[in-house]
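Chemist: here is my input, please return the structure:
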Amino acid sequence: MDQSNVQKLFEQGAIFVLHDFPERSEFGIDYMSWDTGPNFKGVKMIPAGVHFIYYSSVNSQGQKGPRSGFFYNFAPQEIVVKYWDARAEDIKSCQLPEKELSRYTSNKQDLDKFLGPYPYDKYKQWISLTKHISADLVVMLQPDCGSIYSVPQFESISSTTQSRQAAAEEAAATVGGISQDTFSQASKTLPELTSVEGTKIKYSEVPNKRYPAGATPSEITKYNMDSSYVLDLLLSRFDKDFEKLLGEIQFAFVCFLVGQNYDSFEQWKKLVHLVCTGSEAVAKHPEAYLSFISVLHFQIREIPSDFFVDIVTSNNFLTATLYELFQNIANESVDTKLQKKSKDFRKHLTDKFKWDFSSEPDEYAPVVVEG
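Modeler: Now for the predicted structure:
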């Protein structure tokens, strides 16, 4: 990148300033991370839009902790200033007075040498993974605490030794082969834990009811194979805007792939399966399914190869689910443009990964309800 472009990006781009972040810790934005040096104070030249900032501090033994992060929608030329809270081992937000923010703006050139440049060589990849994630969707989904953690956050429930022992004795009565003494001894030292309020990502709940009230046996059979009814209920959360559902699929994928949040992987699987198995929805939302195939194409391209073996292809999740998608799109009532894109995507996956979509997986055989 020539110097004139660098200067333009520095002037127009946003800046994220982080004070007091521990040396040799991990800091990342979007699709690139670094181990920080002694002079690190943030990132410059950030293009306007939604980005994911993540970090993992290092302890005195040089061991990195679990990854944490958050989405933020940067405005052009915006300067965001945050501080590292060593006691909480997390980033601390604070509202700076306008006068102090102006000082950062006027001293941008002095701050420049302490800032790492945004990784523009990875920017196209980031856009391909987040095209449907809007600022409004980030507000809707991000936890109330503002951070996305790679490990669940727990706190102790207020209790006494007597209450823990009583609960242990009750549990021992229902569990064979384990003595009450074992439970009682453990209960005296182990506190009862619960999830910290406000730390969970506010993902959409997939409705359990798969068919409308008063459905006939044949309709029950149909909607157990076709998720269109459930998909339509879920879209109500987004005012029937399929774009926002695609955004949640991308949000969940980024939180899993970059944020290392496993619950997000489970949500991604649920939503991908739901969209893939909606045969009526394919004909009803052809443009949305064209976008959905593009979303999957870029996501599958970015998944590390060992994920396919260890996680993504466990129980043939992707191949079985994509088989359903390709079958639904092959229906003659479906838009021809969508059919062509589906065939091209299927061929690409077969050529690249040797996935076989020629026969129906056993676990997806239909369940028929008798009248």
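
Chemist: flag the shaky bits of the stretch 101-250 of the chain, pLDDT-wise.
Modeler: For the stretch 101-250 of the chain, applying pLDDT under 70 flags the ranges 157-192.

Chemist: now the helices for it?
Modeler: Taking DSSP state H, counting those that start in this stretch to define them, one finds helices in the stretch 101-250 of the chain at 108-111, 123-130, 135-141, 161-174, 180-187, 217-225, 228-235, 242-257.

Chemist: give me whichever of these is most buried.
Modeler: For these, the largest average neighbour count (mean count of other CB atoms under 10 Å) is found in helix 242-257, namely a mean of 23. For glycine as for every other residue, the C-beta is placed from the backbone atoms N, C-alpha and C.

Chemist: so how far is that helix off the chain centroid?
Modeler: When C-alpha coordinates are averaged (CA atoms, centre = their mean, to the nearest Å), helix 242-257 and its chain have centres 6 Å apart.

Chemist: also stretch 42-62?
Modeler: 17 Å.

Chemist: that stretch: end-to-end distance?
Modeler: 21 Å (CA to CA, to the nearest Å).

Chemist: my guess is I133 meets F71, correct?
Modeler: Yes - between I133 and F71 there is a contact at 7.5 Å, judged by CB atoms under 8 Å.

Chemist: spatially, what comes nearest to E26 if we skip its sequence neighbours?
Modeler: Using CB to CB, 6 or more residues apart in numbering and skipping the chain neighbours, the partner closest in space to E26 is S56 (4.1 Å).

Chemist: ok, that neighbour - contacts?
Modeler: 25-26, 64-68 (CB atoms under 8 Å, 6 or more residues apart in numbering).

Chemist: got it, and E280?
Modeler: 226, 228 are the contacts of E280 under CB under 8 Å, 6+ apart.

Chemist: secondary structure class for it?
Modeler: When classified by DSSP: H, G, I helix; E, B strand; the rest coil, E280 comes out as helix.

Chemist: got a pLDDT number for the residue nearest to E26?
Modeler: In this model, S56 is scored at 94, pLDDT.

Chemist: how near is it to W268?
Modeler: Between S56 and W268 the computed distance is 22 Å (CB to CB, to the nearest Å).

Chemist: list the contacts for the closest residue to I249 other than its chain neighbours?
Modeler: In space, and not counting its chain neighbours, I249 is closest to L271: 5.0 Å by CB to CB, 6+ apart. Applying CB under 8 Å, 6+ apart to L271 gives the contacts 204, 206, 245, 248-249, 252.

Chemist: so L271 belongs to a helix, correct?
Modeler: Yes - counting by three-state DSSP, L271 is located in a helix.

Chemist: how close does it sit to G278?
Modeler: Applying CB to CB to L271 and G278 gives a distance of 11 Å.

Chemist: try L235
Modeler: 10 Å.

Chemist: tell me, how many neighbours does the nearest residue to G198 once chain neighbours are set aside end up with?
Modeler: Leaving out its chain neighbours, the residue that sits closest to G198 by CB to CB, 6+ apart is D144, at 3.7 Å. Neighbours of D144 under the rule other CB atoms under 10 Å: 10.

Chemist: repeat that for the one 3 residues further on.
Modeler: A count of nearby residues for S147, using other CB under 10 Å, gives 19.

Chemist: my read is that it contacts S68, right?
Modeler: Yes - the pair S147 and S68 passes the contact test of CB under 8 Å, sitting 5.4 Å apart.

Chemist: any shared contact partners between these two?
Modeler: Contacts common to S147 and S68, judged by CB under 8 Å, 6+ apart, are 90-91.

Chemist: about what we covered before: now the helices of the stretch 101-250 of the chain as CSV including distance to K284?
Modeler: Listed next are the helices of the stretch 101-250 of the chain as CSV, based on distance: least, CB to CB, whole Å:
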stretch, distance to K284
helix 108-111, 50
helix 123-130, 26
helix 135-141, 22
helix 161-174, 48
helix 180-187, 54
helix 217-225, 15
helix 228-235, 8
helix 242-257, 10
